[in-house]
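# need coordinates for the below:
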Amino acid sequence: MLRGHPHGLTPSENTWIWSLILNAVWLGNLLPAMVCPLFCDRWGRRPTLIFGSVGVLVSNLLESTAVLFHSPEGLFIGRVLGFSSQMFNFSAMILIIMESTPTELRGLCLFISGTVYTGLMGIGTAAGMHALLGWSLPLLIGFAVIPNSIALLLSILTPESPKFLLLIRGDKPAALASIRFYQGGSVSAEEVLDEARKEEGKDGDGPTGYFSMLRELVSHRHLRRAMLLGLATLQMTLGIWPITTQLLLAHFPDAQAELYSLLLFCENFAAGLLGVFIVQRLPRRRLIIGSALLSALSICAYIAFDRMALVWRMPFASYGCLAAFAVYYFAFGVGFGSIAYYITSELLPQRYRSLGQSSVFFMFLISAFAFSFITLPIYEAYDVWVGGIRDWIGVIGGSKSCEVSGVHPLLHHTRLHLRGLPL
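Below you'll find the predicted structure:
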């Protein structure tokens, strides 16, 4: 990029700009986080889902055009728009799943959706390899138009949440039809709606205004504790997965590093499939704490193997780094990687679910953007011999241990106090 400079941008400036483009995911998700409840509660879950799907498709077309015309500003704007729209999708879809599935299957259904998302990330990683579509950025970005168009069609065909129709719209016939669609004709739709009314009744006659509900979330200890637990659990998802390929490049050739990175995503997906069978059999507390502790230990192991390979000249230790990554991705997929994104919705009552979930995501996204934005420039600034980025990963490993110790008592005291969920 020349932009009036005869020699273009410096490598450092180019790294910071590229890091900003890469981390548009966090910035884009951050911008609409606190307005998603307004859309979900006033428009409805389904219209919000459709709105987000349209935005994602438009952003994809904008990104493709920006790449063709060599416009980094257009690419950045397109990515921010896309991830902002994705946040609407994400918020609406979680609420639809929470409000349309039987209570005993909520966690399982949400875990499956997270696993499917991981699988799609693996497909995107594979498509980005040079041997497939990585050689052409316009073709790689344009390829996403196909799945995004399918997602928009499925969003249009998705019925509204039955609880939203009953408790917010007061449309009982539509709610009954929605129950029959989501749970089939073998269940009594009337009984399901009666249970929904009882759940709403347990919430009490609380406020309905946006700021009044936000004040309630902050002022009541049990609601505040649920949000703090959700935020602490989400912090565990911050780690080395966004820069896995860059770290592997310090130990392996380009093609080999790309292949290993793809295999790690595949392993993460397989671990998610295993987690689908585990999540209904183990308490949430044990699964979160165990998988998070395993991920922290794997990061510490990576630091040790990395120093052995690059400082002490032990080539076999490079495969130790790969093994440490394999353990990390397994722990991420089988446990906290998916649970972290829906545990807040499980803990909060129906009345506060949408706003509480968005508030937690808003706070998390601020820290996620700040951390992820500086990670790549730090990696580029410090040579692998010095291990600057490894020291940063060490900070993550230490902070994870602190997060685990902080989450444990919260999980212990919250599980019975909130709603009697199987935590």
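
# so where is the stretch 1-150 of the chain shaky, pLDDT-wise?
Scanning the stretch 1-150 of the chain for pLDDT under 70 picks out 1-9, 11.

# now the helices for it?
For the stretch 1-150 of the chain, applying DSSP state H, counting those that start in this stretch gives helices covering 11-22, 24-30, 36-42, 45-68, 72-100, 106-127, 137-143, 145-157.

# let me have those in a markdown table, extended by distance to residue 301 and mean neighbour count.
C-beta: built from backbone N, CA, C; applies to glycine. Below are these laid out as a markdown table (distance: least, C-beta to C-beta, whole Å; neighbours: other C-beta atoms under 10 Å):
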| stretch | distance to residue 301 | mean neighbour count |
| --- | --- | --- |
| helix 11-22 | 26 | 15 |
| helix 24-30 | 27 | 21 |
| helix 36-42 | 38 | 20 |
| helix 45-68 | 37 | 21 |
| helix 72-100 | 32 | 22 |
| helix 106-127 | 22 | 18 |
| helix 137-143 | 33 | 17 |
| helix 145-157 | 36 | 14 |
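
# quick one: which of those is nearest residue 255?
helix 106-127 (13.3 Å; C-beta to C-beta).

# ok now stretch 139-157, how far from the chain's centre?
Distance of stretch 139-157 from the chain centroid (C-alpha atoms, centre = their mean, to the nearest Å) equals 19 Å.

# same deal with stretch 178-187?
The answer for stretch 178-187 is 29 Å, by C-alpha atoms, centre = their mean.

# so what touches it?
100, 101, 102, 159, 160, 161, 162, 165, 189, 192, 193 (C-beta atoms under 8 Å, 6 or more residues apart in numbering).

# with stretch 362-377 instead?
12, 15-16, 18-20, 22-23, 26-27, 29-30, 33-34, 231, 234-235, 238, 242-243, 246, 389, 392.

# list the buried ones in that stretch?
362, 363, 364, 365, 368, 369, 371, 372, 373, 375, 376 (16 or more other C-beta atoms under 10 Å).

# got the residues you listed as a markdown table, with secondary structure and distance to residue 216 columns?
Shown next, in a markdown table, are these (DSSP: H, G, I helix; E, B strand; the rest coil; distance: C-beta to C-beta, whole Å):
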| residue | secondary structure | distance to residue 216 |
| --- | --- | --- |
| 362 | helix | 17 |
| 363 | helix | 17 |
| 364 | helix | 20 |
| 365 | helix | 22 |
| 368 | helix | 26 |
| 369 | helix | 28 |
| 371 | helix | 30 |
| 372 | helix | 32 |
| 373 | helix | 33 |
| 375 | helix | 36 |
| 376 | helix | 40 |
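
# including distance to residue 63 and pLDDT, could these go into JSON lines?
Shown next, in JSON lines, are these (distance: C-beta to C-beta, whole Å; pLDDT from 0 to 100):
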{"residue": "362", "distance to residue 63": "25", "pLDDT": "84"}
{"residue": "363", "distance to residue 63": "28", "pLDDT": "85"}
{"residue": "364", "distance to residue 63": "25", "pLDDT": "84"}
{"residue": "365", "distance to residue 63": "21", "pLDDT": "82"}
{"residue": "368", "distance to residue 63": "21", "pLDDT": "78"}
{"residue": "369", "distance to residue 63": "19", "pLDDT": "79"}
{"residue": "371", "distance to residue 63": "24", "pLDDT": "75"}
{"residue": "372", "distance to residue 63": "19", "pLDDT": "74"}
{"residue": "373", "distance to residue 63": "19", "pLDDT": "75"}
{"residue": "375", "distance to residue 63": "22", "pLDDT": "70"}
{"residue": "376", "distance to residue 63": "20", "pLDDT": "69"}
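
# secondary structure element for the residue lying closest to residue 126 once chain neighbours are set aside?
Nearest residue to residue 126, sequence neighbours excluded (C-beta to C-beta, 6 or more residues apart in numbering): residue 262, at 5.4 Å. Of the helices and strands defined by DSSP states H and E, residue 262 is found in helix 254-278.
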